[in-house]
Every structure is written in structure tokens, then in C-alpha cells.
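**Student:** model this:
(one chain, ligands or ions: 1)
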Amino acid sequence: RSAALLERQERRESNARTYPRRLPIAIAEASGPWVRDLDGNVFIDFLSGAGVLSLGHNHPALVDAVTRQLASLTHGLDFPTPAKDAFVEAQLSMLPPSMRDRTKVHLCGPTGANAVDAAVKLCKTATGRGDIVAFQGAFHGSSHAAMALTGLVAQKQPVPGGMPGVHFFPYSYCSRCPLALTPETCETNCVAFLERALRDGNGGVPRPAAVVLELVQGEGGVIPARPAFVTRVRELTRELGVPLVVDEVQTGCGRTGTWFAFEQYGIEPDVVVASKALSGIGTPVAMIFYDRRLDVWAPGAHTGTFRGNQLAFAAGTEAVRLVRDEDVLGNVRARAAQIEDRLAELKNFPHVREVRGLGMMWGVELAGPEDGRPAAGLARAVQSHALRHGLIVELGGREDCVVRMLPPLNTTADVVDAACGILLDAVEAAEA
Ligand code: PMP
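**Tutor:** Have a look, this model is predicted:
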């Protein structure tokens, strides 16, 4: 039955679809970390709607919150409503205390790309400058501007033109450093390129309106930025008066073990972009948090129809309550340690180049044992073996050779154990 539906979709929909190509199932229903396909097969879902379903599918408390809201108000444009007020209050309460009073928010949904666009547009308006610095391997979305900031070349190459004034710099991807430096021999060399370019009046990069950074590149292959790299980017941007935008669309809302990843890096950004897991249940919403010094937009300067999704607000407020009351972040840290432990075994496999992760974002990078070349075919074989044995995982990375897991943040130890077992078997089988 899955195959029949897939075939119908294949005939009628755009060729651009991705997920069913590598995960050929049609989903009938889901609950918590479980997904059931149309044929009754059950899978552990460690894709979590691309990191959206932070509390798993259909969390009963979130379903309740949405159902209650559905009966009173669904769409509110940008009028004040109690649901929106409670949501914004809940979101601000999750920021570090030192940021709360100086932070303003703009609801700019419904997708992550919309919020990235808004962040960049705001920084351009506030600084009066037009250039943007972004990083190699980053992913910021598929809208035209977000794509322009995306440093995954394969996604952009087929699209002629582009956005002028975007400059890419190296990101601290140490295991594939073109200079063959290691974290031990290099903590901040990537930033040195950026620093040189920004300070060089002779052919360097003009002072940009913003530096846009993912703290863990997700689509780019689950690459946590080196802490010293992030510290230096923050020092440099602060010194030069350049707003630092962190894209926490994927890392945000608890995914890395703190509400936002920047907390673990000991920095305070000027703009934070959030979306995916804000509502916890997939009702779309996106927003930016920014320093009030950047509050320069005149009324009507950045409008949009879908920024008043009351269902998302109601769910998001409840999601914050659950994360607090049920110590979900504590669970993320405990399960992260468990995953790290279980996946340590993978380091003995010849094709496993690196196992990386932070919180509930994990990646296993596969490469040729002799030449170190990215092994995309092997990654696909791992994904498909895992699916056949009941585990949904995603691929990513600059060369599509990273097997990625984004488990729900409230996943239990048993489910993590089962999933890691399937993944270990899948790598072993694919290598054989
Ligand atoms: N930024 C990051 C870091 C992301 O991971 C994504 C989505 N994978 C986006 C932006 C774009 O979000 P959306 O697909 O909702 O536009």
C-alpha cells in the first residue's frame, strides 16, 4: 500500500521531493518516536520531521493545547492575542537572564527560511550595509535569500544569478581541513581568514551587515563549531560592530541540550533565528530574537500573512512548560551521553571517519578507509539497511556521506539503545 501511494505521488508531484526517494514509505500514523507506514510496519523515527517534533509525534499535552485553541481562534495576523502573548512570554523566559531585557522578537513565519531572510533584512536595514558573511557548508533554507547564504554548493549550482554581496568563509570542519590542520594544531585559523578579509582595505570584504553562523551545521553534516572558533567570531564581530546572527532553526529549542546552542558556547548573539521545534508538534512558526538596538523597522516594513498561527502559539507555550517541568534538557544530556557511548564502537569500523554530535544531533561520517574520500553510496546503504530494520535516519553533509540522527528530545533510554543497535548493524552490513 505504501508503494501504491508512492507511485501516485511520483506521477503527480514535483520531481524536487526528497524524503520518499531514500525512505520509500507512506506514513499512516505516528506517536512519540514511532511511525507506522500504510502496510503496518513500525519504525523508530530519528528524523523527527527534520528536527521539528522535539517531543515526538502527537504529544498528548500538545494535541490538547492545539485542540483547545482550535475552538477559539486559529489565525490572528499580528494582532495581540492571549495565545501569542503567552507564547512570546514563554520564549523570552527561555533566554539567558542577561539577554531577556534587551531582546525583542519578530514573528516572521512560517518557515525557517523566512526567519533567516528577516534576520538578514533587519541587519541590512539597521546597519545601512549590504554585504553578508556566511560559512562554507552552512544551510539556511531554500528561499532565494536563504539559499544565497547557504554554503552547500550542490544546492545552488543549478540556479543562475544569486544574491550579490554574500561572502563565504571557512567553517571549523577540522576533520576535513584543507590545510590538514587538526583541532590540536589549529583552534582559530578559519577565523584568521575572515579577520584578514574584514580588516584588509585592499580587496578584502567590505564591512558586512551581518555574519550568519550555524553553531552546529546540521544539513552540512552535523558539525559542531569548535568553541574557540565561535569565541573568536564573536570577539571579531563585536569589535568591528557587525551584528552576529546565529541560525538556531535546527539547534534551537533544546536540541543540543541547552535551550539554544549559543548558551553552551558562552556567547550572546545579536540575532537568533528560530523555527522548526518552536511549537513542538509541527504547527509552523518562525521568529527572530534581536537586540533592541536593531529595532529599526518602521510599521509595515516587514509584513506577512502567516505570522499569527495561534495553534502554533498554544502548542509552543505548552512545549516550553513540558521542557521545564519534565526536565527534557536533562534527558537530552543523558541520552547524548548514551548515544556517544554506544556509537563509540563505530570508531573501529574502517569506513567510519568521524562520529560527531551535540545533544540530540548526531552524525556518522563515512569515507574510504585509504583515500578518505566521502562515501555517499555507503551512507545510502546504511540508511536503507536501517530503514529495513525499523529505523528512520537522514543523510547530510557537503558530500552526502553523513548519516544523521535527530531523535525526539524526550526519547527513552530503551529506544535510543534499540536505534543505536540498528545503526551499528547497518554500518556493519553496509561495509561487508
Ligand atoms: N536553517 C537551518 C539551520 C535549517 O536546518 C533549516 C532547515 N533544515 C533552515 C534554516 C530552513 O528552514 P525551513 O526548511 O523551515 O525553511
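
**Student:** which parts of stretch 419-432 are buried?
**Tutor:** Of the residues in stretch 419-432, those scored as buried under the neighbour-count criterion (16 or more other C-beta atoms under 10 Å) are 419-420, 422-424, 426-427, 430-431. In short, each C-beta sits where N, CA and C put it, glycine included.

**Student:** Surely Met99 touches Ile267?
**Tutor:** No: the criterion here is C-beta atoms under 8 Å, and Met99 misses it with Ile267 at 10.8 Å.

**Student:** So Leu213 versus Leu181, what's the distance?
**Tutor:** In this structure, Leu213 lies at 20 Å from Leu181, with C-beta to C-beta, to the nearest Å as the measure.

**Student:** burial count for the residue of the stretch 301-432 of the chain found nearest the ligand?
**Tutor:** The minimum distance from the stretch 301-432 of the chain to the ligand, using C-beta to the nearest ligand atom, falls at Gly396 (9.3 Å). Under the neighbour criterion other C-beta atoms under 10 Å, Gly396 is assigned a count of 22.

**Student:** beta partners for it?
**Tutor:** Counting by DSSP bridges, Gly396 is bridged to Val402.

**Student:** which ones are touching it?
**Tutor:** Taking C-beta atoms under 8 Å, 6 or more residues apart in numbering as the contact definition, Gly396 lies against 218-222, 363, 402, 404.

**Student:** what about the residue in the stretch 251-400 of the chain that the ligand sits nearest to, how many residues close to it?
**Tutor:** Scanning the stretch 251-400 of the chain for proximity to the ligand using C-beta to the nearest ligand atom identifies Ser275 as nearest, at 5.3 Å. For Ser275, the neighbour count with other C-beta under 10 Å is 29.

**Student:** Over to the one 5 residues further on?
**Tutor:** Residues lying near Gly280 (other C-beta under 10 Å) number 31.

**Student:** ok, now Leu149?
**Tutor:** Neighbour count of Leu149, defined by other C-beta under 10 Å: 27.

**Student:** In contact with it, which residues are there?
**Tutor:** Leu149 sits in contact with 116, 120, 132, 134, 138, 140, 163, 166, 212, where contact means C-beta under 8 Å, 6+ apart.

**Student:** pLDDT for the residues you listed - can I get that in TSV?
**Tutor:** Supplementary listing: those in TSV, determined by pLDDT from 0 to 100:
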residue	pLDDT
Val116	98
Val120	98
Ile132	97
Ala134	98
Ala138	97
His140	98
Met163	85
Val166	96
Val212	98
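
**Student:** Among these, which one sits closest to the ligand?
**Tutor:** When those are compared for distance to the ligand, the smallest value, 4.7 Å, is given by His140; criterion: C-beta to the nearest ligand atom.

**Student:** pretty sure the closest one is in contact with Leu152, am I right?
**Tutor:** No: in this structure, His140 is not within contact of Leu152 by C-beta under 8 Å, at 9.6 Å.

**Student:** Which of these two has more residues huddled nearby?
**Tutor:** Residue environment comparison for His140 versus Leu152 gives the larger neighbour count to His140, 29 against 22, counting by other C-beta under 10 Å.

**Student:** and the ligand, which of the contacts of Gly396 reach it?
**Tutor:** When the contacts of Gly396 are checked against the ligand using C-beta under 6 Å from any ligand atom, the ones in range are 218-219.

**Student:** follow-up on the earlier one: want to throw the buried residues of stretch 419-432 into TSV with distance to the ligand, secondary structure and pLDDT?
**Tutor:** Conversion of the buried residues of stretch 419-432 to TSV gives the following (distance: C-beta to the nearest ligand atom, whole Å; DSSP: H, G, I helix; E, B strand; the rest coil; pLDDT from 0 to 100):
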residue	distance to the ligand	secondary structure	pLDDT
Ala419	21	helix	98
Cys420	23	helix	98
Ile422	24	helix	98
Leu423	21	helix	98
Leu424	26	helix	98
Ala426	23	helix	98
Val427	24	helix	98
Ala430	25	helix	97
Glu431	29	helix	94
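
**Student:** Dihedrals phi and psi, the nearest residue to Lys347 once chain neighbours are set aside?
**Tutor:** Nearest-residue entry for Lys347: Val355, 6.5 Å, with adjacent residues in sequence omitted and distances by C-beta to C-beta, 6 or more residues apart in numbering. Per-residue torsions, Val355: phi -110, psi 120 (degrees, to the nearest 10).

**Student:** For Val355, give me its contacts.
**Tutor:** Contacts for Val355 (C-beta under 8 Å, 6+ apart) come out as 340, 343-344, 346-347, 362-365.

**Student:** count of neighbours near the residue lying closest to Arg333 once chain neighbours are set aside?
**Tutor:** Nearest non-adjacent residue to Arg333, counting by C-beta to C-beta, 6+ apart: Gly257, 4.7 Å away. Burial of Gly257, expressed as a neighbour count using other C-beta under 10 Å, amounts to 24.

**Student:** And Gly257, how far from Ser72?
**Tutor:** Distance check for Gly257 against Ser72: by C-beta to C-beta, it reads 35 Å.

**Student:** Could you check which of Leu213 and Leu181 is surrounded by more residues?
**Tutor:** Each of Leu213 and Leu181 has its neighbours counted (other C-beta under 10 Å); Leu213 has more, 27 against 13.

**Student:** my read: that one touches Glu248, true?
**Tutor:** No: under the criterion of C-beta under 8 Å, Leu213 is not in contact with Glu248, lying 10.0 Å apart.
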